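K.L.:
how does the following fold in three dimensions:
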Amino acid sequence: MGYYSLIVSLLASDMAIKLCLLFLEGKNKRAFFSNADTERPHQETSGILNRSVFWWLNSLFLTGYKKVLVLEDLCHLDEETASEQSIANLERKWESTSHIPKYRLVKAIFLSLLRLFTAPVLPNLLVMGLTFAQPFLVRAMLDFIASTSESKEVGYLIVVGYAVVYISKAICTAFYMQICYYSSRMFALGLLYRELGLAFIAPLVFSAILSLVSGLVVRPLMTRQMVWLEAIEERVAVTASTIASMKGVKILGLVDMVGSVIRKLRHKEVKCGKKWRFFYAIFTLLQTLSLSGTRWVTYTVFGLIALYGSGNGSLGVNRLFTSMAILNIFMERLEILIRQMPKIASAFGCIRRIEVFLKAETKRDNRMIIEPEREAIDPPFGHELAAIPRQTEDAIIIRDLSTGWTTDQAVLKDITLQVPLGSFAMIIGPVGSGKSTLIQALLGETVTHKGFITMGSTDSIAFCAQTPWLVNKSIQKNILGTSLFNGPWYKKVLSACALFEDLKNYPAGDRTLVGSKGITLSGGQKQRIALARAVYSKKPIMLLDDIFSGLDPVTEETIFQSLLGANGILRKESITVVLATHAVHLLPSADLLVVLGDGGIITYQGAPANLPPNLVSMRDVSTIGEKHGSRTDDSGVRGFSVDLEDTEISLNPELTTTDAATTDASRQTGDLRVYWYYLKTMGLKHTLLFAILGAICMGFGPAQNLWLNAWASDENSGHISYYVGIYSIFFVLEILLTTIWIWHVLIFPLSASSIKLHDNQLNAALSATMAFFSNTDTGVTINRFSQDLMLTDNELPLTLIDCVEYIYTCIYRMVLIGLATAYVAITFPFVLATFYFVQRFYLRTSRQIRFLDLETKAPLYTNFIESLAGLATLRGFGWEEEFKRQNNEYLEASQRPFFLLATIQRWLALVLNLIVSGVAIIVAVAAVELRGSIDPGFLGLALVNIMTLGTSLQSLVSFWTDLETSIGAVSRIRAFSEETPSEDPLHLPKAPDGWLKSGHIDIKNMYAGHGPDSEPVLHGINLSIAPGQHVGICGRSGSGKSSLLSTIFRIMDVKSGCIIMDGIDISTIAINQYRGSINALAQDAFFLPGTIRDNLISANAVDLSDEQLERVLQRTGLWDKVQDIGGLDAPLDAEASLSHGERQLFCLARAMLNQSRVLALDEFTSNVDIDTDKAMQKIIREDFGHKTILAVAHRLDTILDFDRIVVLDRGRIIEDGSPNELLNRDSAFKVLYDAYRSEKTS
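P.N.:
As a prediction, this is how the structure comes out:
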């Protein structure tokens, strides 16, 4: 007894310990945390029972039901699914699969997620067992109904079996996502042979044929998808380029032309999408065949065997519905596979494109980085800066370097150069000589043909590009970059870069958002902020690419002396500076001068004083040197200085911006008006036809079931051919009408809808105010033209078809279930009410999570676009890892709603399956209680349809949710199209024919600002310009020069006053026609996608001959370059084919073809060398001499022969007169000109 007592005690103790462990495992762990607001995800801290039924999601549902969700309401991802861990795992597997030639990325993804892929296998085995119990329950119930001797207790045991199987299956299904399809299929075939004999071969052969056809269709489907994706990529790229350069597009009057180009690309894209949809329609047909066709083949073969063979001709109710239940199981997974195959093919196509990108050749940095002992340079942020080798006195060493942008051609040849530590080196040369290329070579961005570059570590460089790169954050965050905040140093940098005065003009100071690509700033302000970022970083080496080109002479001199003068902060910090520039008046301050000549060779290097006269005339060099050395005032001019020390600005190191939670109730409840809006884009006739055809097509399935029931109930075996014949007619009609239904909706109404939705959104974007683009992130707008349109083109139509299909399917199935007995039908209102409240409770949250899923991707687009635009800057500063970290944060934020959306769909499946379990129990109980009065055939129909009702309801709500998501994209398009502020909301009339023949401009008491709610930046402007008069506009950087031109182009909002041209108030005529009437040459060049010919044609120049085009290209010196590219009809990639100066010359050639009477120039020649500037000025005077000209200029000698000079300061005209008049008195213009002349070289 003692032995047995010991065993009992041990077993009891073991059971008690397991119960305790089960209790502890089921306990919510969050209660044990010291901090209740921990960021640990709920799924990690919930107990096992809680996780089994997704109880932890209830708090999220309640939150989403009560209020509008924001990202902070969503739980974080666990460590295993977090982006950082997932990326690290994928990178390891990617490296380990380098030997795999094909589908390497697919295999790497599978291996990195191997545990997650294999985890559901065991739960699936349990689900398989419960699934195959259902046909036995159907057979048992039908046998019980047919028998009169069995007691009710047996019937209620079957009811208990229904309860156990359906509830257990509902809970177990929540554990797995993957299915062992083939093993379940083989077991089903064994059961089917038991019921139908040799006819079991029919579904096997038919499913094999379907699988073979599906496989054959996949390849052309993937091919068409690749073509479609390329068309989408082309359109999105052009759209993104347009949005990023919207100011230039509007100024040049190219809105209509760009819109036409993008619309053509959209039509091409839709045409490619039609070809893809054709093959998708085939898959939809195969999906229909997978269930209806399998049944038809199976029972037709069974009938034929019975008719012509030795089989039993009686189908029988028990045999019919048992076999039908088995067929449902047999074909369910094949139907899912066929349904998902297009998506799988699409995923593989996308993965292949990503893999091609990942396998692309990466940038090779051929610089020799030497990092021996470190020598700190007064680190202001608590850490040492990058090292400079102690054993050499040179910061940069170049030996016999030939480099360029391709492996075929070198731009620079045989360059040998040494830049001493702490020195200031200048690189000069004509346009196209390779100055910017040399800077890029120092950054490691070019292709090295031979030779080498030696310098400090890669994170020891600060870089300012010729076109300033800024991110859409505050001014302060742009200056700080990835550095920590240091108040005194920050203020010193602001002072050195002359930014205090600008910050005073912004209400938010340095918290002001700069907008995408710095759209809210002037060109000079962008350059100074980029320069401040480089200075603030305090890197030992600073590379500057023509950074002073957009600054007026006074600001340039102020900044130059503050940074590189005798007491400049860069000099004091012994920072090595390399400046590529056209500003030869700065040469005397340089320690080393490098002159590049044509052909990319160095024609001189050494001290500026020893420069040979034949290279650059150095008259007045000694004078300039004296003036540089004798200045005592940082500004050096009267009337324009500002007390920097007394200026108050924000110096808050913790700048965070939070978006206010949206209060849009439609995010919770939806908006039926959006559906109406979408249906109207499809066409109401097409919509009605779609709904009617769908009802007919989906009705054939129930009709065939009823016909099979009639066959099974007929004991006369002589009617087999009759039943098989009618059944075949039903099947053929179903296939025929389903094909017409799918083909019609995918080809006609959806293509029309795609065009209309895109055009509505594009029109809104092209007509939006510049204030909108200033306040809206570029990534957000591009997201609308990429992801939103992808949803409306792809997911929305497919989900709409699925949703309509399952609405009809669920209705018909519930009707068939109700036919079994009226008592079951009585419960339907309660079931439907339960279903309604579940979907209402679910959709209020799921719809919002879908919105968040869309919105959280916008920062990813923005970060990617900004990183791509500033790649050289990021690499130069060594910020790659920081931006990768930011990208991972954005990625993880975007995955939170994505993960929760998938999780709440599992919750929905569990709830709906439990509801169906209740229906199954009700039907079973009704069958037992009404055994004598219930029709076995209709009971069989009810039991078979219950098997798939849960899946159908789950699919319906899932597709409905997807439809709500996709329709959310339509809602966003509708809101964008209707609510985006328009420049021409009243659709003003066009100006009369023959208007603007003289070019008279009259500005009367004008006040203007950047937006309707912003403070004016121009105050009381009064200016009258006679026809043909040439007016120069000058002033300090930020004084309002470019803003004045912006009002001429109606870019800036005129708050009061007016602008009249040739007797017409420009605010009363159509804006695009008006802009096309003005000729513009801006600081930033813009090029259309297309050929050289396309880019030469402007809004006011059409029907041009090749001779005219060649003439302007000859005049600007670009004809040889054009011929090298391939002629007028060659595609133009301006970034790759033309230097910065050549792009400006191309824009001048385009302007020469424009017949407008008014020409506006905004610092057009600021980025070219003096010789090119002279050539441009000569062309302007010869070709535009008889036209009205308004020119913003920093090179003041270019406007000395103008009729008038207008000087602005702080948005006000402070002087207006002829150049001689202003120079002969103590004027602000004289101060500016004296400062400029003192720095000007011959």
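K.L.:
so A607 touches S589, yeah?
P.N.:
No: contact criterion C-beta atoms under 8 Å: A607 and S589 do not qualify, at 11.7 Å. Backbone N, C-alpha and C define where each C-beta goes, glycine included.
K.L.:
who has more neighbours out of those two?
P.N.:
Using other C-beta atoms under 10 Å, the more surrounded residue of A607 and S589 is S589, with 21 against 12.
K.L.:
how close does the more buried one get to A566?
P.N.:
Using C-beta to C-beta, to the nearest Å, S589 is found at 9 Å from A566.
K.L.:
what does L816 give?
P.N.:
According to C-beta to C-beta, L816 stands 95 Å off from A566.
K.L.:
more neighbours: those two, which one.
P.N.:
Remark: of L816 and A566, L816 carries more neighbours, 21 against 11, as counted by other C-beta under 10 Å.
K.L.:
okay, and the more buried one sits in which element?
P.N.:
Assigned by DSSP states H and E, L816 belongs to helix 796-818.
K.L.:
after that helix, next one along is what?
P.N.:
Next element after helix 796-818 (DSSP H and E): helix 822-855.
K.L.:
for the next helix or strand after that next one, give the mean pLDDT please.
P.N.:
Tracing the chain C-terminally past helix 822-855 and defining elements by DSSP H and E, one meets helix 858-869 next. Average pLDDT, helix 858-869: 81.
K.L.:
start the count at 47 instead of 1 going forward.
P.N.:
Happy to do that; since the first residue is 47 now, the last one works out to helix 904-915.
K.L.:
packing partners for helix 904-915?
P.N.:
helix 247-290, helix 824-829, helix 926-975 (3 or more C-beta pairs under 8 Å, 6 or more residues apart in numbering; DSSP states H and E).
K.L.:
lowest average pLDDT across the ones you listed?
P.N.:
helix 926-975 (a mean of 77).
K.L.:
can you give the distance of that one from its chain's centre?
P.N.:
The chain centroid and the centroid of helix 926-975 are separated by 26 Å, computed with C-alpha atoms, centre = their mean, to the nearest Å.
K.L.:
stretch 1149-1156 now?
P.N.:
40 Å.
K.L.:
how about the nearest residue to the residue nearest to the spatial centre of the chain, chain neighbours excluded?
P.N.:
Among the residues of the chain, the one closest to the centroid is Y907, at 3.7 Å (C-alpha atoms, centre = their mean). Distances taken as C-beta to C-beta, 6 or more residues apart in numbering place G825 nearest to Y907, at 3.7 Å, with adjacent residues excluded.
K.L.:
ok, that neighbour to T109 distance?
P.N.:
If you go by C-beta to C-beta, the gap between G825 and T109 works out to 28 Å.
K.L.:
go on, I507?
P.N.:
48 Å.
K.L.:
which one's more surrounded, those two?
P.N.:
Per other C-beta under 10 Å, whichever of I507 and T109 has more neighbours is I507, with 26 against 15.
K.L.:
who's in contact with the more buried one?
P.N.:
I507 makes contact with 432, 488-489, 501, 585, 587-589, 922-924 under the criterion C-beta atoms under 8 Å, 6 or more residues apart in numbering.
K.L.:
swap in 7 Å and give it another go.
P.N.:
In this structure, I507 makes contact with 489, 585, 587, 589, 922-923, judged by C-beta atoms under 7 Å, 6 or more residues apart in numbering.
K.L.:
any low-confidence regions in the stretch 647-796 of the chain?
P.N.:
For the stretch 647-796 of the chain, the stretches flagged by pLDDT under 70 are 660-716, 761-764.
K.L.:
got the residue ranges for the strands in it?
P.N.:
Taking DSSP state E, counting those that start in this stretch as the test, the strands found in the stretch 647-796 of the chain are 647-652.
K.L.:
burial check on the closest residue to T873 other than its chain neighbours, number of neighbours?
P.N.:
Among residues not flanking T873 along the chain, I968 sits closest, at 5.5 Å (C-beta to C-beta, 6+ apart). When neighbours are counted by other C-beta under 10 Å, I968 registers 22.
K.L.:
the closest residue to T452 other than its chain neighbours - how many residues pack around it?
P.N.:
Nearest residue to T452, sequence neighbours excluded (C-beta to C-beta, 6+ apart): V493, at 6.3 Å. V493 is flanked by 18 other residues according to other C-beta under 10 Å.
K.L.:
same question, P658
P.N.:
P658: 11 surrounding residues under other C-beta under 10 Å.
K.L.:
what does the domain assignment say about this structure?
P.N.:
Listed domain ranges for the chain are 48-75+83-103, 244-406+729-758+766-793, 414-668, 1072-1084+1127-1285 (source: automatic domain parsing).
K.L.:
I828 is in contact with the residue nearest to the centre of the chain, correct?
P.N.:
Yes: the pair Y907 / I828 is scored as a contact, 5.5 Å apart, by C-beta atoms under 7 Å.
K.L.:
re earlier: looking at the domains of the chain, which is nearest to H122?
P.N.:
H122 lies closest to domain 48-75+83-103 among the domains of the chain, at 5.1 Å (C-beta to C-beta).
K.L.:
just the pLDDT for T1114.
P.N.:
At T1114, the model reports a pLDDT of 90.
K.L.:
ok, it - how many residues close by?
P.N.:
13.
K.L.:
hmm, who's touching stretch 803-820?
P.N.:
289, 292-293, 301, 305, 308-309, 312, 561, 565-566, 727, 827, 830-831, 835, 838, 1016, 1019, 1022-1023, 1026-1030, 1056-1058, 1097, 1099.
K.L.:
the residue nearest to Y907 and S913 touch, don't they?
P.N.:
No: contact criterion C-beta under 7 Å: G825 and S913 do not qualify, at 11.1 Å.
K.L.:
these two: who's more crowded?
P.N.:
Higher neighbour count among G825 and S913: G825, with 23 against 19, using other C-beta under 10 Å.
K.L.:
now that one: how far from A286?
P.N.:
G825 sits 9 Å away from A286 when distances are taken as C-beta to C-beta.
K.L.:
what do the two both touch?
P.N.:
Shared contacts of G825 and A286 (C-beta under 7 Å, 6+ apart): I911.
K.L.:
count of residues packed around F910?
P.N.:
Counted with other C-beta under 10 Å, the neighbours of F910 add up to 15.
K.L.:
where's it relative to I1245, distance?
P.N.:
Counting by C-beta to C-beta, the separation of F910 from I1245 is 42 Å.
K.L.:
what of N1141?
P.N.:
Relative to I1245, and taking C-beta to C-beta, N1141 is found at 28 Å.
K.L.:
these two: which is more packed in?
P.N.:
I1245 (24 against 21).
K.L.:
not counting its neighbours along the chain, what's nearest that one?
P.N.:
In space, and not counting its chain neighbours, I1245 is closest to G1078: 3.1 Å by C-beta to C-beta, 6+ apart.
K.L.:
cool, and I863?
P.N.:
Going by C-beta to C-beta, 6+ apart, I863 has A988 as its nearest residue, at 4.4 Å.
K.L.:
average model confidence for stretch 1260-1277?
P.N.:
Mean per-residue pLDDT for stretch 1260-1277: 89.
K.L.:
gap between the two ends of it?
P.N.:
13 Å (C-alpha to C-alpha, to the nearest Å).
K.L.:
give me the buried positions along it.
P.N.:
Burial within stretch 1260-1277, assessed by neighbour count using 16 or more other C-beta atoms under 10 Å, is assigned to 1261-1263, 1265, 1268, 1273-1277.
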